[in-house]
Every structure is written in C-alpha cells, then in structure tokens.
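*Asks:* fold the following and give me the result.
(2 chains)
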Amino acid sequence: MPDSPLYTVAAIAVIALTIAVVVGVGLKVLRSFRELGSDAERATYKTLHAASRAGQHLRTGLTPSGAAKASRQLRSLLGCEALAITDTSGVLAWDGGAEELKPHLMARAADVLTGGRTAVVPAGELLTVEAAAQAGASSKGRNRVKNNDIEATELAAVIAPIKAGGRVVGAVAAFAPSAGSGLVRATGEVAEWVATQVELAELDASRTLLMEAEVRALRAQISPHFIYNSLNAIASFINTDPVRARELVVEFADFTRYSFRRHGDFTTLAEELRCIDRYLLLERARFGDRVQVSLQIAPEVLSTVIPFLSLQPLVENAVRHGLEAKEGPGHISLTAHDSGAFAEVTIEDDGVGMDPDELRSMLAGHTDGDHVGLRNVDARLRQVYGEDNGLVIETAPGEGTLITMRIPKSQPHHDA
Amino acid sequence: MNPVVGIAAFVAVTLATAAIGFYGLRISRTTGDFYVASRTVPPWWNASAIGGEYLSAASFLGVAGLILLSGTDALWFPVGYTAGYLMLLLFVAAPLRRSGAYTIPDFTESRLDSKAVRRVTSLIVVMVGWLYIVPQLHGAALTIRITTGLPSWVGSVAVVVVVCLTVVAGGMRSITFVQAFQYWLKLTALAVPVIFMLLVLAGTGATPLAEPVTNPTGLPSAGLYQNMSLLVALLFGTLGLPHVLVRFYTNPDGQSARRTTLIVLGLLSVFYLFPTAYGLAGRMFAPDLAQSGQADALVLLLPGRLIGGTAGDLLSALVVAGAFAAFLSTTSGLVVSLAGVISQDVLGGSVRGFRVAALISAAVPLAFAFSTDSLALAGSVGLVFAFTASTLCPVLLLGIWWRGLTDAGAIAGMVTGAVLCGGAMVAGAIFGSAATPFWLAQPAAWSVPAAFAVMVLASRATRSRVPSTTSRVMTRLHTPERPLETVRQTAERQSVQGQSSER
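*Replies:* Predicted coordinates:
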C-alpha cells in the first residue's frame, strides 16, 4: 500500500486533535483563573450554583428523571445523609444511603401530603415496629448503610410539603442522624424552592400551550375580498365565455379546498406554490394582462416544509398593493432558492410600495393597516422559527416592495 | 504538455460552473410554465447530481493511479465506492428522507432528543469534511503542476478561491443543476479520450511496453485483510458522507430517494469502467509513471502520450476540465454542507454567519493541504471513509433501525470510533508506512465493529435514557408516505367519497 495518504490523514488528525486539546485546555485555564472571592462569596456561589443546577432538572416539573438529578444537588445543599423527593402517590427519587427506608417513607409522608405541614420523625421512629425489628436483626449481620456506619434505624427525618399553586404536589424528605431546628428550617426552605420550580414548570407548560393556541389562531385565512372579487369576475364570464367560467369555478373550488383544509399547520413549498398559481389564475380573470408574473424556482427547495398559507398572503399583498392601486401593468416576481441550510423565498412587486415607518408600526402591532396578512405571516414565522426568522421587507413609497422569507430546511418536528 | 491547455480548461470549467450556478434556474413568465418550474427534481437528475458531487479526485485520478500501481487489488476501490450506495439504498436513503432532517446533526438531535449528541455529531461531520477536502486540494495541486508547470500551491488556492467565491456570492442557488452537469462532464472527460485512445491503438497497432499483469513497482500486493478492511470502510463509509446525504433532501419523498439511489448505482458503475481502462492502459503503455511516483497523474498524461499533436492537446484539455470538475464539485458540496453545520451550531444560522462559515470550512483544509503532501489520492480518501464508517455510520444505522439507542450510547460509540480510527491514522503517521503493521494501516475492520459494539453496550447500560419521543420518530422514519397525487385527483376522490357517504 502507498504510504503518503496515511501520513497525510494522520498529520491532519494530529493537527485537528491538537487544536481541540489546546482550545479545551485554554478554556479550562481561563475558567480557573477567575477570581474566586471570599469564603462567604464562595458559599453563596456554591449554594446558588447547586440550586440553579437542580433548578434546570426541575424545569419539566416533578418527573422521576428530573427529580433524581435534582435530589443529588439538593442533598449536597442540605448536607444530609439521604434525601428523597416524592409526589402525591410515590417516591420519585432517592439520593444517598439508607435505601431500606424507602418503602416506609410514603406511610410517614401521608400526613404531610394531606395536612400540608412539615413533619419531623425522630431517630428510631421511622420504621414500623416489625420492620424495625427486622432491620435491627439484619443490621447485626451485613445490612449496614454504605459509606458510613450510621444505621438506617438511627436516622431522623424531616418531611416538608411541596406546595405549588395552593395545593400539595409532593414532599421533600431529608434524613440525618438528628433533626435539629436548622435542618427543619432548611428543609422547609428547600421544599418551598422546589415548589417555585414546579410552578415555573407549570408556567412553561402553559406558555407552550398558549403559543400553540396563538399559532392556531394566527392560521391565515383567505381574505373575504378575494372571494367576493373572484366570484364577480367569474360571473362576468358566464355568458361571454362559459367554458372559461367553468374552469375558473373549478380552480376556485380547488383554491378554497386548499385554504380551508383543517389538518396540519405545515405544507410544502411546492403545494403552496400550486395554491399561488390558482390564486393568480383567478386574479388574472379580474385584471387580465395587467398582472405579469415571473417565477424562478430552484427545484431543491420545493420539498421544504413551510407554514401553511404563509406565501399566498404575501403574493396577495403584492397584487393588492402593487397592482390595484396603480395604473398600467404591474410585475410580480417570485424566486425561491437554496441558501445554505435555509431556503430563501422572495416576492417582489413594482407597485406603489409602503411607508417603512408605517409598516414598522403595523408589524409591531401598534396600528391596524391593510397589511394584516403581512403581519400575520411575520408573527407566525417568528413564532415557529424564532425571532430572527421573520419577514424582511424592503420598500419605500412608489418604489415597489421586496419581501424576503428565510425558512430552515431542517424541520424534523414539523410534518407537511 | 502545453501549459495554455491546462489553464484554458480550468477557466472554462469555472465559468461554466458559475454560469449554471447563477443562471441555471429557468424563468417562467406564464402560469402555464408554472408547473414546469415547480415540478420537483426528477430522480435521474438528482442521481446525476449525487454522482457529480460524489466522484472526487480519488475517483477521477486516484483509482486509475492505484490500478497502475497495484493492479486488480485496486479494483476494490471502485467496487467499494459503488457498493456503498447499495447499503445507502437498503438501510438509509428512504428513512433519512422521511425524517425531515437536513443534516446528520439535525437527524441525531431529533432522533435522540439531545443537544450533546448534536454537538458531537457536528464536530465529527466537520472533521470528516475537512479530511475529505484535503485530498481534493492535493489533486488540484498535482493537476496544475503536471499540466501547466506552475507551482503546485496555485492549484489548491485556485480551487479554494473559486469555491469560496461561488458559495459566498450565492452561486449555488441551483446546485442540483451544477452537480448534474459536473457528473456528465466528468464522464465525457474520461470516456471520450479512452475511445480515441482505443481507436488510435487499434489503428497503429502500437506494441505495449509491458504486460498488464506485470507490477511496475515490484511492491508487495495487499493481503486479504487489507482488502476486506478497505471494503468495510468503503461500504459503511458511504453511509455517513455529509455532502451526499444532503442531496437526498432534494427528493420529495422516501420512495423517490430509493429510486435516485438505484440510478446512482448505475451511473457510478458506468463511470468506473473508464478509470479502470486508464489504469490497464497505463500498465501497458506508461509503466514508468508508477516508478517515478506519479501514478495519480496517469489520467492526465496518458492521452497526450498516446495521441500527440493538437488532438492530444484537445483530449488532455478535456481530461483536465473533468479533473477540475471533480475537485470543484466535491469541494463545493462539502464546503456548503460544512458551512451549514458550522453556521447553525456556532454562528447562529444567519446569512453572514453562513458566509463566514464557508470561508472557514475552505480555509482550514487549505492550510492542512499546504502542510501535508500526498500523491495516492484514492488511499487517503479511503481512510476518510474508514473514519466515517467508524463514527457516523453506526449512529445512523442504529438510529434508524434500533429503538434502544440512547444519547449516551451514541456519544460513547462515536467517540470510541473516532479515537480508534483516528488513533490508527496517527500511529500510522508516527511509525511511517514501512513500519506500520497491516492492521493499523487499514483500521476499519476492527474500529467499525468496536464502535458498533460500544454504542450498543453503552445504550443497553443506559436503558433509562431512551428518549420518550422514540416511538414517534421511528414511526415517521419507517411509515411510507402516501403516494404524491395531484390535488385534482384528491378532489375527485373526495367528491366520490362525499357522494357515497351522503347516500
């Protein structure tokens, strides 16, 4: 075998690895050089750091996996032998030793969960009598708590309720050799802190629901003007050109069928373009040769998933504000092409244009203009793809309008 | 060779590529044309584009060179390069298209519901891409040096500059057209000179300098292990090539993705006949190239040697044009996909970010290409395949076909594969080729199974981490789409249903 390729690739790999290591070490060194501060500052930092780490895990609410990770942080925060998090029906997570207490915890926590008050179980009373006897018998043998020599029977427990939104949703239980007032207060605070996180999680969930509802409410609808105008235009052909009138009615039916469909918030660019084609056919029946359209579509982007009815309102806007308000023929050009990981769609007209300031305040939702369609599309794009991916509109009075839309091609979570 | 020929060929290919890139989209003015403009890319067209992007310096120059050097053993390269698509067809093409993911990091993130997996995958994709671009630049350097006599760095820089300009200026708007054109250009550039050479040889009855079976260098041939390991690398490596997988997104659905792959298989099989012919002709008429270490230049030099004069110059120009088409198409395909990954993960996905990322993803391999030196193009590309097969292939295959994969398992497997395969490459460099044991020179045979094993075992060990979205994602990957029907058909079907339900 020839030797040089090995050498090449290996050299490259060495360089790549070296760069990675240097960058990694550099970041570590930078981090360690930071000012660490006084003892009090460090203690504050440690506490807040543990709390924020635990908080991340609780952001999805009281789930077994999140609670398991959070309990580790919370135990180090309280400095107790073991820490458990329960919901109303069972133990979600247990961190630390003395796992043999686990089956008995729910019985002890029942009062806390119904009464909503912190309970202290002194050392030795955690187990029921017979269980204690059993545990005592076995502890003579090998069943000792790992890592230290405190037996499970000698642990006291503090059980504090997690109250979110006025009701008890679970409990935090801390186990230590003695349940001093310090531990009781700290456990109560931790439970309250967990409750805040749970409430935040609920807030998150309702925000997601709200966003979904908003997207659904924003789902574009075709404008009533268009229906009225199209039907009038078709009516004018019924006597003069019945064949064309029939074709137009069929097109109109297809168009409405697409725009009234109920399922799915997403479609492909190809389908949306097909809808735009129908729409333009109907507008052409009204405007005749005044509508001139040119298209430049890269086939790669046709299967891109886009929000349902997100292009048609832009074309309608171009027709209404680019043509209706203007003498003589108007030209609309529509392009779609690849732009890295995005598909870029532009719609340009040479009509009367818009006042940028007015447009800005309309898009921000301060004023209601006649560009409601634009605002709707813009809001939906921002909602779905993030604030950076709204419409980009370049316009000035009398100068026409150019609207650019960038859609990420990769949308594994959206079905067309 | 006349230096003007090389430069003219390079300029012509560049201009043609740029022209198609910028103006390749047809402008339609009437709604009648609309359907033509908005029709999705037909599979054979997309297949040509995949072929165009896939056939790199290794295929165009390297395969013939290797056949000249090591005879029939080198045939495993074209076999592996082509057969990899069979694996792609069977296991990856359709599900990956249905996933809706555009890049491999997108896929792993959505499949395993984990940002960490995405970061690891992105890192590996970028490494693979860079490793793959370097041989292209070496090929360009070689071609410029042989054909024009200019210093070899001119070739690498020229390719990088052209690619950066077209990508940054938005010249890849119609990338499918560009790449499809490149495939047919490459095929013509190899096929026409071969036919002429055969005609000339048959006419003059030239006597061969050596028998095709004689080994011009006398180096020992590769053993069974090397060939099997190479085949493993090529078969599985094709599954993870970032620039190839991106092309499948152009297919409208999973079914057409499969059809495309089938056509790619055919196109590649036809293409590889010609480098083989060059290699054998080279063994008979130009064995001295192998002795002087210029085996990779065989394709460029052979037409000029066998057919002198203007005809020879013209045929050489054609071959040089094809070679540059190979460097440009593969490099630009890789730069576009790398820039996509880098800009999305590091620079926030803006237009500006994409341009910066494109410059980075072309400049880094250029630096590598300057600092290293390579002649055996097919071999170094083969090692990149081994790296891909040990890292991205396991995560794709298991991600698509095994519900039990977890994020921890995927990361463990990818890191294992990268360390083993990368380590073997580094060790090979340290020992030098003569001292490298054969199993280290071709690591795929053990690094690929190791990566798979670690991925499976680590996933088993972290069974609780199987993402809750698994069922949904798997359903999406494996449920065939309803066949695309025209809206009119749907309307008719629904109106029929409507009537029947009224009754």
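*Asks:* so which residue is dead centre in chain B?
*Replies:* Nearest to the geometric centre of chain B sits B:Tyr54, at 3.2 Å (Cα atoms, centre = their mean).
*Asks:* list the contacts of the nearest residue to that residue once chain neighbours are set aside.
*Replies:* The shortest distance from B:Tyr54 to any non-neighbouring residue, by Cβ to Cβ, 6 or more residues apart in numbering or on different chains, is to B:Val244 (5.8 Å). Yep, even glycine has a C-beta here, placed from its N, CA and C like the rest. Going by Cβ atoms under 8 Å, 6 or more residues apart in numbering or on different chains, B:Val244 touches B:50, B:53-54, B:88, B:238.
*Asks:* just the strands in the chain please.
*Replies:* You didn't pick a chain, so chain A it is. All strands of chain A, identified by DSSP state E, fall at A:82-87, A:91-96, A:119-121, A:156-164, A:167-176, A:266-268, A:291-297, A:305-307, A:330-339, A:342-349, A:392-395, A:401-408.
*Asks:* think we crossed wires, I meant chain B
*Replies:* Using DSSP E, strands in chain B cover B:27-28.
*Asks:* by mean pLDDT, point me to the weakest helix or strand of it.
*Replies:* Lowest on mean pLDDT, DSSP states H and E among the helices and strands of chain B sits helix B:487-502, with a mean of 45.
*Asks:* what's around the residue lying closest to B:Leu239 once chain neighbours are set aside, how many residues?
*Replies:* Spatial nearest neighbour of B:Leu239, chain neighbours left out: B:Cys393 (4.5 Å); criterion: Cβ to Cβ, 6+ apart. Look at B:Cys393: counted by other Cβ atoms under 10 Å in any protein chain shown, it has 29 neighbours.
*Asks:* confidence score at B:Cys393?
*Replies:* At B:Cys393, the model reports a pLDDT of 94.
*Asks:* when you scan the longest helix seen in chain B, is anything in it near chain A?
*Replies:* Looking across chain B with DSSP state H, the single longest helix is helix B:309-345. Yes - shown here: helix B:309-345 in contact with chain A (Cβ under 8 Å from any Cβ of the partner chain) through B:336, B:339-341, B:343-344.
*Asks:* so what's the residue count around residue 43?
*Replies:* In the absence of a named chain, this looks at chain A. Per other Cβ under 10 Å, the neighbour tally for A:Ala43 reads 11.
*Asks:* oops, I was thinking of chain B
*Replies:* By other Cβ under 10 Å, the residues close to B:Pro43 number 21.
*Asks:* and it, how close does it get to chain A?
*Replies:* Note on B:Pro43: its distance to chain A, by Cβ to the nearest Cβ, to the nearest Å, is 12 Å.
*Asks:* correct me, but that residue touches B:Val264?
*Replies:* No - here B:Pro43 does not reach B:Val264: they are 9.3 Å apart, not a contact under Cβ atoms under 8 Å.
*Asks:* show me where pLDDT drops low in the chain?
*Replies:* Going with chain A. By pLDDT under 70, the low-scoring segments of chain A are A:1-6, A:29-36, A:126-153, A:215, A:218-221, A:262, A:368-371, A:416.
*Asks:* that's the wrong chain, I wanted chain B
*Replies:* By pLDDT under 70, the weakly predicted segments of chain B are B:1, B:24-40, B:170-173, B:205-206, B:216-222, B:349, B:373-376, B:432-434, B:482-503.
*Asks:* spell out which parts of the stretch 301-416 of chain A neighbour chain B.
*Replies:* For the stretch 301-416 of chain A, the residues in contact with chain B (Cβ under 8 Å from any Cβ) are A:302-303, A:305, A:335, A:337-342, A:388, A:406, A:408-415.
*Asks:* B:Lys115: neighbour count?
*Replies:* 11.
*Asks:* right, and it touches B:Glu109 too?
*Replies:* Yes - B:Lys115 lies in contact with B:Glu109 (Cβ under 8 Å); the separation is 6.8 Å.
*Asks:* OK, contacts around B:Gly6?
*Replies:* B:143-144, B:146-148, B:316-317, B:320.
*Asks:* that should have said B:Leu289, apologies.
*Replies:* B:Leu289 sits next to B:68, B:282, B:295, B:297-298, B:301 when contact means Cβ under 8 Å, 6+ apart.
*Asks:* do the same with A:Ala54
*Replies:* A:69-70, A:73-74, A:77, A:197.
*Asks:* rewinding a little: redo the strands of chain A as JSON lines? Include distance to B:Ser269 and mean neighbour count.
*Replies:* Output for those, formatted as JSON lines (distance: least, Cβ to Cβ, whole Å; neighbours: other Cβ atoms under 10 Å in any protein chain shown):
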{"stretch": "strand A:82-87", "distance to B:Ser269": "61", "mean neighbour count": "24"}
{"stretch": "strand A:91-96", "distance to B:Ser269": "58", "mean neighbour count": "21"}
{"stretch": "strand A:119-121", "distance to B:Ser269": "77", "mean neighbour count": "19"}
{"stretch": "strand A:156-164", "distance to B:Ser269": "65", "mean neighbour count": "25"}
{"stretch": "strand A:167-176", "distance to B:Ser269": "64", "mean neighbour count": "24"}
{"stretch": "strand A:266-268", "distance to B:Ser269": "33", "mean neighbour count": "19"}
{"stretch": "strand A:291-297", "distance to B:Ser269": "32", "mean neighbour count": "21"}
{"stretch": "strand A:305-307", "distance to B:Ser269": "34", "mean neighbour count": "23"}
{"stretch": "strand A:330-339", "distance to B:Ser269": "29", "mean neighbour count": "22"}
{"stretch": "strand A:342-349", "distance to B:Ser269": "33", "mean neighbour count": "23"}
{"stretch": "strand A:392-395", "distance to B:Ser269": "46", "mean neighbour count": "17"}
{"stretch": "strand A:401-408", "distance to B:Ser269": "36", "mean neighbour count": "22"}
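*Asks:* any idea which of the ones you listed gets closest to B:Val161?
*Replies:* The closest of the strands of chain A to B:Val161 is strand A:330-339. By Cβ to Cβ, the value is 20.9 Å.
*Asks:* about what we covered before: pull the most distant pair out of the contacts of B:Val244.
*Replies:* Farthest apart among the contacts of B:Val244 - using Cβ to Cβ - are B:Glu53 and B:Leu88, which lie 13.5 Å from each other.
*Asks:* out of the contacts of B:Gly6, who's the most crowded?
*Replies:* B:Thr143 (30 neighbours).
*Asks:* is it correct that that residue is in contact with B:Ala325?
*Replies:* No - using Cβ under 8 Å, B:Thr143 is not in contact with B:Ala325, being 11.3 Å away.
*Asks:* now stretch B:91-110: how far from the chain's centre is it?
*Replies:* From the chain centre to the centre of stretch B:91-110 is a distance of 18 Å (Cα atoms, centre = their mean, to the nearest Å).
*Asks:* start and end of stretch A:300-308, how far apart?
*Replies:* This stretch, stretch A:300-308, spans 19 Å end to end (Cα to Cα, to the nearest Å).
*Asks:* do the same with stretch B:230-249
*Replies:* Start-to-end, stretch B:230-249 (Cα to Cα) is 28 Å.
*Asks:* give me the residue from the stretch 201-350 of chain B nearest chain A.
*Replies:* Among the residues of the stretch 201-350 of chain B, B:Gly340 lies closest to chain A, at 3.9 Å counting by Cβ to the nearest Cβ.
*Asks:* and that residue, how far from B:Ala93?
*Replies:* Distance of B:Gly340 to B:Ala93, given as Cβ to Cβ, to the nearest Å: 20 Å.
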